[in-house]
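*Asks:* make a model of this:
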Amino acid sequence: MAGGGKKASQSTKTKVLNIATTFDNPWKGKIKEEIAAIANNRWAPSSDDFRSLASSPIDVNHFHQLIGVILQQPKNSIERINILTHSNPDLIAFKGDITPRSTFAEVSLEISSALSLQMLEQITDGTWFQVGKSKTKHTMKDVRSRFRKGAKVFFYSCKSATDPQLLQEFADKFQVIAVGFKKNIAFCPKFTSNSIDRRRVGLGDCTNASSNLTAIDKHGVERKP
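*Replies:* Below is the predicted model of the structure:
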């Protein structure tokens, strides 16, 4: 019979974080108008669509807020982060606006809160971060410690892999594998006369759209640190 020794410590539970960035739905409460916009190709996905595609989404409106979310996780716990947003080739947004026009929906990206080379260059190993009202000062070493070995950060946004330098700088700074896409991310909601099912996404177009966000992962471009 085995003697009474110490119980083996349980390994840290792995986590997948789903991040929904802040693009308010301009058709909120106006479902008929939104359905008409979708049907006539003058629509763009909002935070409502990002949340629908992600399990237990976390709302974020600034790149630094993403860092705060990471720091709130246990050490060696994050296996994957999925970020659903809008982007330009050299800028991945965390906040912006959608403005309906007569023939299209105009998407504006907020530069000051976005992930860009300029933002990454401002962060050094000596830069410190505070989470909420906590007075504890964290550095990038603390941020990196939250990730498991081989962790990946997916940027589900249009042409997020067009600028390889941005993904590479992120991978190097955070010591994770950064994954982006060279084609547009296509949000492909189904709708009836009075309802919208937002849980469909494709790559490039809606030909092979799926309710599984990760179905397009095989087309991702990886940058390793």
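*Asks:* give the next helix or strand downstream of the longest helix along the chain.
*Replies:* The residue-count maximum for a helix in the chain (DSSP state H) belongs to helix 164-174. Counting by DSSP states H and E, the next helix or strand C-terminal to helix 164-174 is strand 177-180.
*Asks:* list the contacts of that following strand.
*Replies:* Contacts to strand 177-180, defined as CB atoms under 8 Å, 6 or more residues apart in numbering, come from residues 150-155, 157, 159-162, 167-168, 170-171, 217, 220-225. All C-beta spots, glycine's among them, are computed from the backbone N, C-alpha and C.
*Asks:* now do the longest helix of the chain, average pLDDT.
*Replies:* Mean pLDDT, helix 164-174: 96.
*Asks:* still on that earlier bit, the contacts of strand 177-180 in helices, which ones?
*Replies:* Of the positions in the contacts of strand 177-180, 167, 168, 170, 171 sit in helices, assigned by DSSP H.
*Asks:* list the buried residues for the longest helix of the chain?
*Replies:* For helix 164-174, the buried set under the neighbour-count rule, 16 or more other CB atoms under 10 Å, comprises 166, 167, 169, 170, 171, 173, 174.
*Asks:* likewise stretch 133-151?
*Replies:* Going by neighbour count (16+ other CB under 10 Å), the buried part of stretch 133-151 is 138, 140, 142, 143, 144, 145, 146, 147, 148, 151.
*Asks:* phi, psi for residue 144 please.
*Replies:* Note on residue 144: backbone dihedrals following degrees, to the nearest 10 are phi -60, psi -30.
*Asks:* and the pLDDT at it?
*Replies:* At residue 144 the predicted local confidence, pLDDT, stands at 98.
*Asks:* rewinding a little: same list, the buried residues of helix 164-174, but as CSV with distance to residue 120 please.
*Replies:* Formatted as CSV, the buried residues of helix 164-174 follow (distance: CB to CB, whole Å):
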residue, distance to residue 120
166, 8
167, 11
169, 5
170, 7
171, 10
173, 6
174, 9
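*Asks:* farthest-apart pair in these, please.
*Replies:* Farthest-apart pair in the buried residues of helix 164-174 is 166 and 174; separation 12.5 Å (CB to CB).
*Asks:* sorry, back to before: out of the buried residues of stretch 133-151, which are inside strands?
*Replies:* 147, 148, 151 (DSSP state E).
*Asks:* which of those sits closest to residue 133?
*Replies:* Comparing those against residue 133 with CB to CB picks out residue 147 as the nearest, at 24.9 Å.
*Asks:* I'd say that closest one and residue 76 touch.
*Replies:* Yes - between residue 147 and residue 76 there is a contact under CB atoms under 8 Å: 7.5 Å.
*Asks:* ranges for the strands of the protein?
*Replies:* 15-23, 58-60, 78-84, 87-88, 91-92, 95-100, 105-109, 147-156, 177-180, 185-187, 190-191, 196-197, 201-203, 221-223.
*Asks:* quick check: beta-bridge partners of the residue nearest the centre of the chain?
*Replies:* Ranked by distance to the mean C-alpha position of the chain (CA atoms, centre = their mean), the top residue is residue 83 at 0.9 Å. Here residue 83 sits in beta bridges with residue 19, residue 155, going by DSSP bridges.
*Asks:* hmm, it is touching residue 170, no?
*Replies:* No - counting by CB under 8 Å, residue 170 is not a contact partner of residue 83; they are 10.7 Å apart.
*Asks:* what touches both of the two?
*Replies:* Residues touching both residue 83 and residue 170 by CB under 8 Å, 6+ apart: residue 153.
*Asks:* ok, back up a step: so what touches the longest helix of the chain?
*Replies:* With CB under 8 Å, 6+ apart, helix 164-174 has contacts from 90-92, 115-117, 120, 123, 140, 143-144, 147, 153, 155, 160-161, 176-180, 221, 223-225.
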